[in-house]
Structure formats: C-alpha cells, structure tokens
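> here are the coordinates; sequence isn't available:
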C-alpha cells in the first residue's frame, strides 16, 4: 500500500503562469493520500473508518496517512455529535475535515455582460464574492487584463486577504480555450486570437493562473460540489450567452485529445443555416443562445436591442411576452427548444451519459425544456427499449461559473501538493 513520503513536502507547487502542470491521473494511479484527501473534501466531514470503506483499503493505512495529512496542515479532526442514548461514555466520535485556512484561491468568470469572482478556502467554502456589469462586445486584451486585476483586488479586499495570501487563480472564459497552454484560441469577448491570457495575468498578479472554457468549469463545479459526488459520468449543457458543454467521464473532466472537445454549441444542426458568432453557419448555438433569441425577437416582435444594453434585458422582455401568451414570442422559444432537443439527442446517442444537467441562469426560461421539447428529444434518441438519462435543471446564477473556476485552481493545487515530482509536466 503506497504511503511513502516521496514528493510530499507540503509545499505549494511552483508559481507559474500557465495551464495545469499535472496530467490527469486515473483513480488508481493517484497517490493514496490524495485519494484520501479528495474523499474527505468531497464528503465534508468523514470518519476514518468510512474513508477506508469507500476506498477499499485497510483502516491502518488510512490512520497512518491521515496522521501525515493532519501534521502537514491539510486535514483536521472535528468532534462529532454523540448519538442519543450513548450515555456520554468514552471518547466522542471524531471526523476528518479539510482545514479551511490551509490555502485560499480565487475563481473568476469573464463574460460579455458580467464579470464575477469568488474567493474560496481549501475546503471549497466561499469566503467572498464580487460581480460587476461590463459593456457587451469583444474587448482589447489590455481591457480584459485590467478588468481581471481590478476584480481580483476587489474580491480579495472583501475577503480580508492580501493577494499574496492566494495560492492560485482560476479563470473561466467563453470560447475555444487551450487550458494546458493557458491560451485563448478564440473568444467572443476578446478581439485577439491565440492570446496567452494565463501567462499575462500571472505576470500582472504574481500568482499561478489557470484558465479553461467556462462550460468546463460548470461541469467541474458539479463534479466537486454537486451531482458529481454520486455520479461518475454526466454531462452539463450551459445555455446563456452561448451554448457550452462539459462532460465528466469516470469522475474526470474530459477535454479531448487537443483540449478542445465538447463544443456542443458548435455542432451543426442546419446546413448553410443561421450565422454563428464563431463565423460558421448552422451551429446549434445560432438557434438557442441569447443572441439567437434576440435576433428572432427583433424580426418577429420588433423588440430592438439598444446599443450598450445588456442582452439579457431584451431576452427578459421576450420571455415576458411569451408568458403573457404572445404567439410569436412563444414560437421563438418553441423553435429554440426543438433545436435544443436535436442537440441533446445527439449528446445521448454519442456519449450515453448517466445524467444530463441543463445549467445556467437562462434555464429559468422553461419553454426551452418544456415537456414537448423533451418528448421530441426522446423521439430522436436511439430506441433501445431502455429509459434515457434523466435531465436535471440547475438554474444557478453567475457565481456558479466563478465557483467552477475556483475548483479549477483547487484541483491544480491539490495535484501539485500530492503528486510525486516525476508526474509533473515541465512547462
């Protein structure tokens, strides 16, 4: 049973402004102490005997390694509640928990309407949050970097921390992101392509910076704090300013061979169809995302999008018309829902996930997932005689995206703290 001290000195990983330093490890190949730590983190508070049972290892091994983790300052013992009728005899039950103050990280989500940020402790608890409205459109790199710097300063001040108290920063960005290289290949909020955002922000802040596609980070948030605690394989589809997807396979976020997979919003649902903001035609996003609904609203209802006005204001007006019974408004959502059904059916036929989560604030628009929409999806899914995957709707607000970015930073930090040096990839 692995429990040597090799590569485990309790230090923070090298502070480099780049993508993740550690290649994803399978459950079996990760050091046992890391598996113990992650199991405790996921469970919140957990007795040693339960950790041993869930990992299928001896209680003695768990006792030895948790003692090391406590000594290193990563775990702590927490006195549990006595059960009624135990008479108060003997030692009270003791559970293990992550020591919250061991590290702090920041998570930020950049978008074309709001930038959001959170500070979380080592146990994943939110210490402070911040949200600022920004003008829509694509921005110069200097503008985006300045926004990151200001947002980070504001949220750390709210948390009562100095920037040097942070161990890492995670950033979520819409578009095509090479997470390993820390590079934005294309984003609707940035004027330049192939921009090394992670390195530039790292140089500005003096902190390790990780970036990823924002939908991947929602999936990561679900993996760390939501459905992923109980489900090994699931997909998250985000519907807001664009359409994104994150897929978790065997408790691990899947990015594809080049780190650019899972772009559900840019799968084609109509040859030579509507123009997508990526520059191609017929993408699913061009029929379901905010700007697609706004385009239809402008044509069918003469609802004008004023320059500088946040897109969600126009979409809210469209939704109000639909709720009030306006036939044209209802047909816009109905059409978008039908295209969404096509996309979800393709997802089921391709990956067969255990659960599909529809996530994002726009999921308040129930027309997108009305019963007839889901029934249409069922018709398009391969008929195997078995029920399809359940669909859950999580209408989280913008802070979920930032929380996922913080989970990215925590994930990198954890891998660096617990993985032997030989597993670290040079950048």
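Right, received. Where do you want to start? Note that the structure is predicted; figures quoted are calculated from it, not measured.
> need the longest helix for this structure.
If you go by DSSP state H, the chain has its longest helix at helix 327-351.
> is it true that residue 221 lies in a strand?
No: going by DSSP: H, G, I helix; E, B strand; the rest coil, the assignment for residue 221 is helix, not a strand.
> Which residue comes closest to residue 151 once chain neighbours are left out?
Using C-beta to C-beta, 6 or more residues apart in numbering and skipping the chain neighbours, the partner closest in space to residue 151 is residue 117 (4.9 Å). Glycine gets a C-beta too; all of them are placed from N, C-alpha and C.
> Then residue 258?
Leaving out its chain neighbours, the residue that sits closest to residue 258 by C-beta to C-beta, 6+ apart is residue 178, at 7.6 Å.
> Correct me if wrong: the one you found contacts residue 260.
Yes: using C-beta atoms under 8 Å, residue 178 makes contact with residue 260 at a distance of 7.0 Å.
> So for those two, which residues contact both of them?
Both residue 178 and residue 260 are contacted by residue 185, under the criterion C-beta atoms under 8 Å, 6 or more residues apart in numbering.
> Which one's more surrounded, these two?
residue 178 (20 against 14; other C-beta atoms under 10 Å).
> and the residue nearest to residue 258, what pLDDT?
Residue 178 carries a pLDDT value of 94.
> sorry, back to before: just checking, what packs against the longest helix of the chain?
strand 234-239, strand 243-249, helix 285-288, helix 290-301, helix 311-323, strand 355-359, helix 371-380 (3 or more C-beta pairs under 8 Å, 6 or more residues apart in numbering; DSSP states H and E).
> so which of these gets nearest residue 52?
strand 243-249 (25.3 Å; C-beta to C-beta).
> average model confidence for that closest one?
Averaging pLDDT along strand 243-249 yields 94.
> Tell me the buried residues in that strand?
Neighbour counts over strand 243-249 (16 or more other C-beta atoms under 10 Å) mark 243, 244, 245, 246, 247, 248 as buried.
> next helix or strand past it?
strand 252-254 (DSSP states H and E).
> and that next one, how far out from the chain's middle?
With C-alpha atoms, centre = their mean, to the nearest Å as the basis, strand 252-254 stands 11 Å off its chain's centre.
> which residues sit against that strand?
24, 26, 216, 219, 220, 223, 246, 247, 248, 261, 262.
> confidence score at the first one?
Yep, that's residue 24 we're talking about. 41.
> Repeat that for the last one.
Predicted confidence (pLDDT) at residue 262: the value is 88.
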